[in-house]
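S.K.: below are the sequence and a predicted model; questions follow.
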Amino acid sequence: MQLFRAHVLVCGGTGCVSSGSKKIQEAITDELVKQKLDKEVKVVETGCHGFCEMGPIVIVYPEGTFYCRVQVEDVSELVSEHLVKGRTVQRLLFKAPVTEEQVPSYRDIAFYAKQQRVALRNCGHIDPEHIQEYIARDGYEGLAKALTSMTPEQVVEEMKKSGLRGRGGGGFPTGLKWGFAAKSPGPKKYIICNADEGDPGAFMDRSVLEGDPHSVLEGMLIGAYAIGADEGYIYVRAEYPLAIKRLRVAIAQAEELGLLGDNIMGTGFSCRLNIKEGAGAFVCGEETALMASIEGSRGMPNPRPPFPAVKGLWAKPSNINNVETYANVPVIFLHGAEKFASVGTENSKGTKVFALTGKLRNTGLAEVPMGISLREIIFDIGGGIMDDKKFKAVQIGGPSGGCIPEQHLDTPVDYDSLIALGAMMGSGGLVVMDETSCMVDVARFFLNFTQKESCGKCTPCREGTKRMLEILQKICDGNGVPEDITTLERLGGVVKNTALCGLGQTAPNPILATLRYFRHEYEAHINDKKCPAGVCSALLEYKIVADNCKGCGACARVCPVGAITGEKKEPHEIDTSKCIKCGSCIEKCKFDAIVKG
Amino acid sequence: MIKSPEDLKRLREEAKSLTGIRAGQGVEIIVGMGTCGIAAGAREVMSAILEELSKREMADIRVTQTGCIGMCEKEVLVDIVRPGEKRITYGNVKPQDVSRIMTSHVINGQIVEDLVVAKLD
């Protein structure tokens, strides 16, 4: 056994890889050889730490020092200072956004301090391509416990007791789902993992697959044992090449060790897992469409019932859960359902991973206990709004969810409270918007997405999303009429109630939620022909405030259509009939003399 | 090949040594690695410590390094911090002293008095 006095963890998640972590890793390895430390210090490539904005991230143990935005030029200093002399390289530490204080330790950074990591427990701490590192952190122990000391019925009961609900969007109790599939007659059944993550901005499933693929395999195996399946599929989108690669490595290593395949751990239980690469259609995240796609058919949903638990993949009883759901399962069996259920609210147990994006100081992945308030997520973990702007709304649940305004930020977050507010948990995407976001434009953005992703099978979704998008476009262009609001509300209600699958049933949510909380913005667009946030260019006029204008001429020089004229050192003017509202003049003006509205 | 849950347990015990260092607990050994320390042979002492730990399969011990603390003539300085006990500084440590410090102090908690230069709270 070779012992290393220090471990240098270099993040190998997709976020950090794109900011150059591979080169950093090579540089560190080379530098260690050069300084003859390669026998004492080990370099480990890990999965995502969730703080992708700060990447490439390097953590040095045993101290747990957190270095961010490390560049190749920093490597030699990092090695000679930290690893030889034991001195922290101050300038590479994380700086707290408000206090500018340097925070050396991983655990003390506000972004991580409020988090409670269950699904992400190993992400960023282990090398995902070495099964031994997963096993060292009690990996496959939950499976061993389930296989040797519990009957499949007891496993289902334990799941019910844990209160775990589906993390992919719907929030259906996982134990109940397993119970249905377990009751269906065999012998052939399937266990399926939905890794067709498609919400704009959400990337927790990718991070789990990249950073801790074995936790998903273990969760699936426990599920397979519970329902009596001997084969499974992981449906993962082909745009996630790193996740697919690490899954393949994980499956091969688990098979080699006898943790996957025939007669697992000598218990007589057998199960094989396959990977199916999807082409990235959003609708394939819907379970019946996903199964159609695995079968080689066009990815379109089918009416339920029959539910997958009765007639699923290849008409056999199947159980389908999402990546994050499966990643929670081993913990339930390792520590017991009661321990798991001790976190969270009455009807939503455990933790949830949120992908924080938008106008926040700290963006990334955050796993928090259910019941935490949105305010804590946005202002404590997310560090508040960028550039000291004012918070306006947060879109939760991606294109299927809704927006939540300031007055509801203190609501405890769980499945039911979000639905009551007109949003939904969804996969956990959080897009934060500030005062410069136009809510009509936001609704149009999400509708544009769902309309493009609509598979076209059922009329309400195919036609409804198209018409709603047209109306929103009309309002943004300044051609809205007062009846448009009632039409949107009626259409939205019809699509919600009559569409075939979840995609259509939730597509109107962004419109209905913005109408609920920001109706005045719609009215301003329609009645006053104004966009209060200054986003919809058709409703804007650029003006020069004569008192502020020094007549420097910078705006006139940058204007691409020659719409600005004026004498030197005299206030300039904009010819609104020529102006194309490109915004170049505003960017150029040093005196805040140009306003839009 | 894992043929039983016991096999898994054995593999886990072996594997713990791979990641134990990241848990951040247990005894800490600090070696003075300033220019003075290195000149006095800190690298050799460090190698001896790591070798000794490997031999004894002691994966839960953290070995860190520090810069010059001003007592250059007493280098190589090695500090041992056992959780909840005083920080003991040994001076003029030679690679051949390492084994004694390990068995007596790190493992059994008996301070090697003849090498001690300071005791800090």
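M.R.: Yep, that arrived.
S.K.: pull the helix or strand with minimum mean pLDDT from chain A.
M.R.: Sorting the helices and strands of chain A by mean pLDDT, DSSP states H and E puts strand A:102-103 at the bottom, at a mean of 78.
S.K.: helices and strands around that one, which ones?
M.R.: strand A:94-95 (3 or more Cβ pairs under 8 Å, 6 or more residues apart in numbering or on different chains; DSSP states H and E). C-beta coordinates here come from the backbone N, C-alpha and C atoms, glycine included.
S.K.: could you list the residues in contact with the strand it packs on?
M.R.: A:54, A:66, A:68, A:101-103, A:109 (Cβ atoms under 8 Å, 6 or more residues apart in numbering or on different chains).
S.K.: do that again at 6 Å, thanks
M.R.: A:66, A:68, A:102-103, A:109 (Cβ atoms under 6 Å, 6 or more residues apart in numbering or on different chains).
S.K.: check stretch A:285-298 too.
M.R.: In contact with stretch A:285-298 (Cβ under 6 Å, 6+ apart) are residues A:196, A:198, A:233, A:235, A:276, A:278, A:283-284, A:299-302, A:308, A:312-313, A:320, A:501-502.
S.K.: list the buried residues for it?
M.R.: Using 16 or more other Cβ atoms under 10 Å in any protein chain shown as the test for burial, stretch A:285-298 gives A:285-294.
S.K.: among those residues, which are in helices?
M.R.: A:287-294 (DSSP state H).
S.K.: export those as a markdown table, with columns for distance to A:Lys22 and pLDDT.
M.R.: Formatted as a markdown table, these follow (distance: Cβ to Cβ, whole Å; pLDDT from 0 to 100):
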| residue | distance to A:Lys22 | pLDDT |
| --- | --- | --- |
| A:Glu287 | 36 | 94 |
| A:Thr288 | 39 | 96 |
| A:Ala289 | 35 | 96 |
| A:Leu290 | 32 | 96 |
| A:Met291 | 36 | 97 |
| A:Ala292 | 37 | 96 |
| A:Ser293 | 32 | 96 |
| A:Ile294 | 33 | 96 |
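S.K.: from the residues you listed, pick the one nearest chain B.
M.R.: Chain B has its nearest neighbour among those in A:Ile294, at 29.4 Å by Cβ to the nearest Cβ.
S.K.: just the helices in chain B please.
M.R.: B:5-19, B:35-39, B:42-56, B:98-101.
S.K.: report the buried residues of the shortest one.
M.R.: Spelled out, that is helix B:98-101. Result for helix B:98-101 [16+ other Cβ under 10 Å]: buried residues B:98, B:101.
S.K.: pull the residues that contact it.
M.R.: B:48-49, B:52, B:112.
S.K.: apply 8 Å and report the result again.
M.R.: So helix B:98-101 is contacted by B:45, B:48-49, B:52, B:78, B:80, B:90, B:93, B:112, B:115 (Cβ under 8 Å, 6+ apart).
S.K.: one more: the first one?
M.R.: Contacts to helix B:5-19, defined as Cβ under 8 Å, 6+ apart, come from residues A:1, A:3, A:125-126, A:130, A:132-133, A:135-141, A:144, A:147-148, A:257, A:259, A:265-267, B:1-2, B:57, B:59.
S.K.: could you count how many residues lie near the residue nearest to A:Pro482 when sequence neighbours are not counted?
M.R.: Nearest non-adjacent residue to A:Pro482, counting by Cβ to Cβ, 6 or more residues apart in numbering or on different chains: A:Ile526, 5.9 Å away. By the measure other Cβ atoms under 10 Å in any protein chain shown, the count of residues near A:Ile526 is 20.
S.K.: these two touch, right, A:Ile526 and A:Gly480?
M.R.: Yes. Checked against Cβ atoms under 8 Å, the pair A:Ile526 and A:Gly480 is within contact range at 3.9 Å.
S.K.: overlap in contacts, these two.
M.R.: With Cβ under 8 Å, 6+ apart, A:Ile526 and A:Gly480 have no common neighbours.
S.K.: shaky segments in chain A?
M.R.: A:1, A:97-98 (pLDDT under 70).
S.K.: that one - how does it break down into domains?
M.R.: A:6-113, A:131-341, A:351-434, A:439-527, A:541-596 (automatic domain parsing).
S.K.: between those, which gets nearest to B:Gly70?
M.R.: domain A:6-113 (14.6 Å; Cβ to Cβ).
S.K.: count of neighbours near A:Gly480?
M.R.: Number of residues near A:Gly480 (other Cβ under 10 Å) recorded here: 23.
S.K.: before we move on, what about A:Pro187?
M.R.: 8.
S.K.: mind listing what it touches?
M.R.: Contacts of A:Pro187 by Cβ under 8 Å, 6+ apart are A:Gly228.
S.K.: and it, how far from chain B?
M.R.: For A:Pro187, the distance to chain B equals 25 Å [Cβ to the nearest Cβ, to the nearest Å].
S.K.: look up how far A:Pro317 lies from that residue.
M.R.: To A:Pro317, A:Pro187 is 10 Å away according to Cβ to Cβ, to the nearest Å.
S.K.: so which bits of chain B are right by chain A?
M.R.: Residues of chain B lying near chain A by Cβ under 8 Å from any Cβ of the partner chain: B:1-5, B:7-8, B:11-12, B:14-22, B:24, B:28, B:30, B:33-34, B:38, B:46-47, B:49-50, B:53-54, B:57-59, B:62-67.
S.K.: check those for burial and list the buried ones.
M.R.: B:2, B:5, B:7-8, B:11-12, B:15-22, B:28, B:30, B:33-34, B:38, B:46-47, B:49-50, B:53, B:58-59, B:62-66.
S.K.: name all residues that make contact with the most centrally placed residue in chain B.
M.R.: Chain B has B:Ile29 as the residue nearest its centroid, 3.6 Å off, counting by Cα atoms, centre = their mean. Taking Cβ under 8 Å, 6+ apart, we find B:Ile29 in contact with B:49, B:61-64, B:78-81, B:106.
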